[in-house]
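Participant: Here is the input, now give the coordinates:
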Amino acid sequence: MATAPGLLDPVQSSTFKEQMRKRHYNDYFVYGSINFKHLNDDSTKIDIPIPNYISAIESIITATNRITDTVHHRGSEGSLDVNVVIEPPLCILNHISSELWCNPPGIGSAHENTLTIFEILANYPWEAKAALTLLAFATDYGDLWHPYPYSHTDPLAKSLAIIKRVGMLKKHLDSLPYQQVLLNPNSLIQMCLQAIKRMNEIREFKKYYLNDPLELASALRQIPLVTYWVIHIIVASSIELSSYLTETKNQTQRYLNELSETIALVLARLEKHLDAIREQHEEVDLYRWLVDHIEHFHTNIALVVSKLLSGKPETNPIIDGSTQKEVGVHESLSGKNVVLLISRLDISEDDIKAIHNIYDELKTRDTNYEIVWIPIIPEPYHEDDRKRYEYLRSTMKWYSIQFTTRISGMRYIEEEWQFREDPLVVVLNPNSKVEFMNAIHLIRVWENEAIPFTQARTESLLKKHWPESTLLKFTHQPRLPNLIKSQKSIIFYGGRNPSWIQQFEEKVEILKNDPLILDGSSFEIVRIGKDAIGEDDPKLMARFWKVQWGYFIVKSQIKGLSASETSEDILRLISYQNEDGWAVVTIGSAPLLVGSGILILRLFDDFPKWKQNLHFKAFPNAFRDSFNELAMKTHECDRVIFPEFSGWIPMVVNCPGCPRFMQKDITFKCCHGGSRM
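Facilitator: Take a look at the predicted model:
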């Protein structure tokens, strides 16, 4: 916690005495004074809850202030009902009282007496130290004023008032120091009471967590320092009042002002911590609610969406893309299967186009589905963000969340649904049960065929040969359907390096002109990555690799954690994404092998060595056997880097080239300086 403004710069004072006085405001000095002896004081519990002490203190101070207000304004005394019962340690209170009053003025005296009170209250929790000290002060202060209202009619009360010299206090009621200490809502004592309340509230939050969240841990570290300043100010306030009673030297106004600044700063820091802690606590409560009602105790989908968005049963209206009008969540989504499209503003046009096709198909089939776009927009919002949001929303026929919606369930979305950079598509039934997650991969691979996004439907789609789902849509070869139907040998090929493509095509021509190939062992080649007019299309290839990844992740998710239970061929193909070239050999649509560009060219060069096999083997078998033999001689394990896909991804992956598990590297990325929802 920073020190009060203007209190620490020794250059501002030319005297050693002033520098010594100010050094007590240094946090390090205070910590050094209390932490060595009292570091573990928090271990002892007290029988009576701190709120009971707080209520008793408030009752005493409020009743006493009513008496002083009556004396000051000559009005009616009024009354106050006090129902708080506590059993404080009386000997401890008396011991504290003896340290509070009749001490010399000044920060040095207050500091030393504060340390003495810390010794008296050793082993008491920090906030209990502060509360007991303030209770001792309040008890003495109430005891001073209590006889006064009866002193005109009760001889005993009159005698007690004289002995306690309450009349001396009465003379100072109009003084600024007295009012600064006690007689206004922002007085030193009232602010000390507020600090104790906030310390107790911070402590109460601790019981909800096994491990303290960052903000709570930070606030708990502040409590010893806050306790020091509360007790220090109570001591200084007692010294100020005792100076009125004994007609001795008062505290300086500057010192009281500095204390007011210090406790105000303390309160501001505590309140800032509490705001963050309350927000974190609400987030945790909501997180637990969402876990319960999405994963265990299913409930109305509209309620779950509302809680996910705002943390409340009702949320702001959403926008109907077909009418551009605001509609309520409950009236629009209750009883529906809901497809949540969760994305940042950089969602690709390909993904939007695919979801448009899904939306149109859902409406054509008259299904009970609705799509809701939840844009994730980091704060603070920028004008470019708003423009991008408005553009994207204008292209969407389905429901959209409003631009300024702050997603209360963001922690659940990130931790349970694992939202990352890539869009996330979660399909929930009318009772909020997740039917499929993450369906964006289903949509990218199978588009409208993925409807109705169930595991049964996905398993049916996976029964097809993977090239049929992942390769055929990325070529414009008009003869391809007939080639597949006739179970022709096909080599699909592609790569990043035009030189490799050229070499591949030249070597294929040499093979095709060989008599053994011409004599019944023919095969066809099909280029991946060219558009309808035969030009290389980088956007098409970007979509191609997303589809390969999508197929791999979906099959891994359905079949199990280990990639050994998925298609090793497609994983091998993915590992060649950044290679010069690659090839996939199929018989019709059935995959036969996937090879790197280097091995494929080398196999073509070795054709004279293995072409004799064509006398007793069909081309695809001869090609495969020779390829495997070559691969064994030049084996290199593959490297696969997972993109920032949202949703489930396999944590255990077998190398597609050998039976071993692939090594997993973990990267930690700090987002501390960035905005979060």
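
Participant: doesn't residue 192 make contact with residue 260?
Facilitator: No: in this structure residue 260 lies outside contact range of residue 192 using C-beta atoms under 8 Å: 11.1 Å. The way it works is simple: take the backbone N, C-alpha and C, and place the C-beta from them, glycine included.

Participant: ok, those two, which is more surrounded?
Facilitator: When neighbours are counted by other C-beta atoms under 10 Å, residue 192 comes out ahead of the other of residue 260 and residue 192, with 28 against 18.

Participant: Please identify the helix or strand for that one.
Facilitator: In the assignment (DSSP states H and E), residue 192 maps to helix 188-206.

Participant: What of residue 573?
Facilitator: Residue 573 is part of helix 568-575 when elements are defined by DSSP H and E.

Participant: Tell me the first helix or strand C-terminal of that helix.
Facilitator: Scanning forward in sequence from helix 568-575 by DSSP H and E, the next helix or strand is strand 582-587.

Participant: Which strands and helices lie in contact with that following strand?
Facilitator: Applying 3 or more C-beta pairs under 8 Å, 6 or more residues apart in numbering; DSSP states H and E, we find strand 582-587 packed against strand 489-494, helix 568-575, strand 590-596, helix 597-605, helix 619-633.

Participant: So which bits of the longest one are buried?
Facilitator: When you say that, I think you mean helix 619-633. Of all the residues in helix 619-633, those buried under the rule 16 or more other C-beta atoms under 10 Å are 619-620, 622-624, 626-627, 630-631.

Participant: what about the residue lying closest to residue 554 once chain neighbours are set aside, how many neighbours?
Facilitator: Using C-beta to C-beta, 6 or more residues apart in numbering and skipping residues adjacent in sequence, the residue nearest residue 554 is residue 441, 4.9 Å away. A count of neighbours around residue 441, defined by other C-beta under 10 Å, yields 27.

Participant: Output the contacting helices and strands for the helix or strand where residue 441 lies.
Facilitator: In this structure, residue 441 is located in helix 440-446 according to DSSP H and E. Judged by 3+ C-beta pairs under 8 Å, 6+ apart, the packing partners of helix 440-446 are helix 349-364, strand 424-428, helix 455-462, helix 466-470, helix 538-559.

Participant: Determine which stretch of those is the most buried.
Facilitator: Among the helices and strands packed on helix 440-446, strand 424-428 has the highest mean neighbour count (mean count of other C-beta atoms under 10 Å), at a mean of 24.

Participant: Paired strands for the following helix or strand past it, with orientation please.
Facilitator: On the C-terminal side of strand 424-428, the closest following helix or strand by DSSP H and E is strand 434-437. Pairing partners of strand 434-437, with direction, according to DSSP bridges: strand 424-428 (antiparallel).

Participant: circling back: give me the distance from the helix holding residue 441 to the chain's centre.
Facilitator: 28 Å (C-alpha atoms, centre = their mean, to the nearest Å).

Participant: Name the residues that touch it?
Facilitator: The set of residues that contact helix 440-446 without belonging to it, under C-beta atoms under 8 Å, 6 or more residues apart in numbering, is 351, 354-355, 358, 422-425, 436, 450, 453, 458, 461, 469-470, 543, 546-547, 549-551, 553-554, 645-647.

Participant: Report the buried residues of the helix holding residue 192.
Facilitator: Residues of helix 188-206 classed as buried under the neighbour-count rule (16+ other C-beta under 10 Å) are 188-203, 205.

Participant: same check, this time on stretch 273-293
Facilitator: 273-274, 276-277, 280-281, 283, 286-287, 289-290, 293.

Participant: host element of residue 307?
Facilitator: Element membership for residue 307, per DSSP H and E: helix 301-310.

Participant: That helix packs against which elements?
Facilitator: Contacts defined by 3+ C-beta pairs under 8 Å, 6+ apart place helix 301-310 against helix 253-290, helix 329-333, strand 337-343.

Participant: I'd like those as CSV, with distance to residue 55 and mean pLDDT appended.
Facilitator: As requested, the helices and strands packed on helix 301-310 are exported to CSV (distance: least, C-beta to C-beta, whole Å; pLDDT from 0 to 100):
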stretch, distance to residue 55, mean pLDDT
helix 253-290, 20, 88
helix 329-333, 42, 94
strand 337-343, 47, 96
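
Participant: mind putting those in TSV, distance to residue 95 included?
Facilitator: As requested, those are arranged in TSV below (distance: least, C-beta to C-beta, whole Å):
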stretch	distance to residue 95
helix 253-290	24
helix 329-333	61
strand 337-343	61
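
Participant: Show me the one of those that comes nearest residue 218.
Facilitator: For residue 218, the closest of the helices and strands packed on helix 301-310 is helix 253-290, at 6.6 Å, according to C-beta to C-beta.

Participant: Now do the closest one against helix 301-310, angle only.
Facilitator: 150 degrees (axes from the mean of the first three to the mean of the last three C-alpha atoms, to 10 degrees).

Participant: From the chain's centroid, how far away is helix 253-290?
Facilitator: Relative to the chain's own centre, helix 253-290 is displaced by 20 Å; criterion: C-alpha atoms, centre = their mean.

Participant: The spatially closest residue to residue 350 that is not a sequence neighbour and residue 450: what is the separation?
Facilitator: Nearest in space to residue 350, with sequence neighbours left out and distances taken as C-beta to C-beta, 6+ apart, is residue 543 at 5.4 Å. When C-beta to C-beta, to the nearest Å is applied, the distance between residue 543 and residue 450 equals 16 Å.

Participant: can you tell me which of the helices and strands packed on helix 440-446 comes nearest to residue 145?
Facilitator: strand 424-428 (64.6 Å).

Participant: on that earlier part again, so what does the helix holding residue 573 touch, helix or strand wise?
Facilitator: Other helices and strands packing on helix 568-575, by 3+ C-beta pairs under 8 Å, 6+ apart, are helix 466-470, helix 538-559, strand 582-587, strand 590-596.

Participant: can we see that at 6 Å?
Facilitator: Contacts defined by 3 or more C-beta pairs under 6 Å, 6 or more residues apart in numbering; DSSP states H and E place helix 568-575 against helix 538-559, strand 590-596.

Participant: Next, the angle from it to strand 489-494.
Facilitator: Taking the same axes, to 10 degrees, one finds helix 568-575 and strand 489-494 inclined to each other by 30 degrees.

Participant: Figure out which of the helices and strands packed on helix 440-446 is closest to residue 587.
Facilitator: With C-beta to C-beta as the measure, helix 466-470 is the member of those nearest residue 587 (10.2 Å).

Participant: quick one: contacts of that closest one?
Facilitator: When contacts are taken as C-beta atoms under 6 Å, 6 or more residues apart in numbering, the neighbours of helix 466-470 outside the stretch itself are 445, 547-548, 551, 567, 570, 586, 589, 591.

Participant: so what pLDDT did the most centrally placed residue in the chain get?
Facilitator: Ranked by distance to the mean C-alpha position of the chain (C-alpha atoms, centre = their mean), the top residue is residue 411 at 4.6 Å. Residue 411 is assigned a predicted lDDT (pLDDT) of 90.

Participant: contacting residues around it?
Facilitator: Counting by C-beta under 6 Å, 6+ apart, residue 411 touches 283, 287.

Participant: Please report the distance of it from residue 420.
Facilitator: The spacing between residue 411 and residue 420, counted by C-beta to C-beta, is 14 Å.

Participant: Nearest to residue 219, out of the helices and strands packed on strand 582-587?
Facilitator: helix 568-575 (47.1 Å).
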